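# Fold the stuff below for me.
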Amino acid sequence: MDQKVITKFKVATEDAISELLYLTRTIALEKYAHLVNEEVIEAYISLHYNDKQIIDEMNSFGNQWLVVYVDEKAAGYAFITTQGKRPVVLEGKKAVSIADFCVLKEYLPGQAKQSLLNKCLTIGKGYESIWLTEQIDSPLISFFEAHGLQPITERNEHIHPDIPMCYLIKEN
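So this is what the prediction gives:
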């Protein structure tokens, strides 16, 4: 049986915030808990993924939140922004960042990540470049490369110095 996969823009409603709090916490634990101790990941989650932070980010001009659904269940999210630190090679360019691109482990093998990335790349077409940050050893690197995002070597300590990250950039 085919699964119904759809990616939607989200606005700051109580349901959307609750959904994003669940997704951000669950995915952060899935991705990073085995790499750093529990205190580090809990501190990161409480700093970056709390009600106030998500509401502020959802209401900030230049930011967009997307949620991908599989059979009407939230399966992942992307946070897209024109704000924040960017790779040196993009200084002075009209660029947008996929600040977060996350899919729950159980949905990674399906079409959720493709639907989510398609929407991100569509948003990125209005810019000179689109970029994201990902763990160097992430299984998603080849997926991003297959869609034109190329890794560059520039040091990036996104969550913790012990988690090596890289930038991936797509020029339009």
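# Out of the helices and strands in this structure, which is least certain?
Between all helices and strands in the chain, the lowest mean by mean pLDDT, DSSP states H and E belongs to helix 38-48, at a mean of 86.
# which residues touch the top helix by length along the chain?
Secondary structure assigned by DSSP state H gives helix 14-32 as the longest helix of the chain. For helix 14-32, contacts defined as C-beta atoms under 8 Å, 6 or more residues apart in numbering pick out 10, 41, 44-45, 48-51, 54-55, 58, 65, 67, 74, 76-77, 100, 102-105, 135, 159-160, 163. Yep, even glycine has a C-beta here, placed from its N, CA and C like the rest.
# now stretch 45-57
Here stretch 45-57 makes contact (C-beta under 8 Å, 6+ apart) with 12, 17, 20, 21, 24, 25, 28, 29, 63, 65, 79, 81.
# Please pick the buried ones from the residues you listed.
17, 20, 21, 24, 25, 28, 63, 65, 79, 81 (16 or more other C-beta atoms under 10 Å).
# where along this structure do the helices fall?
Taking DSSP H to define them, one finds helices in the chain at 14-32, 38-48, 51-58, 112-124, 141-146.
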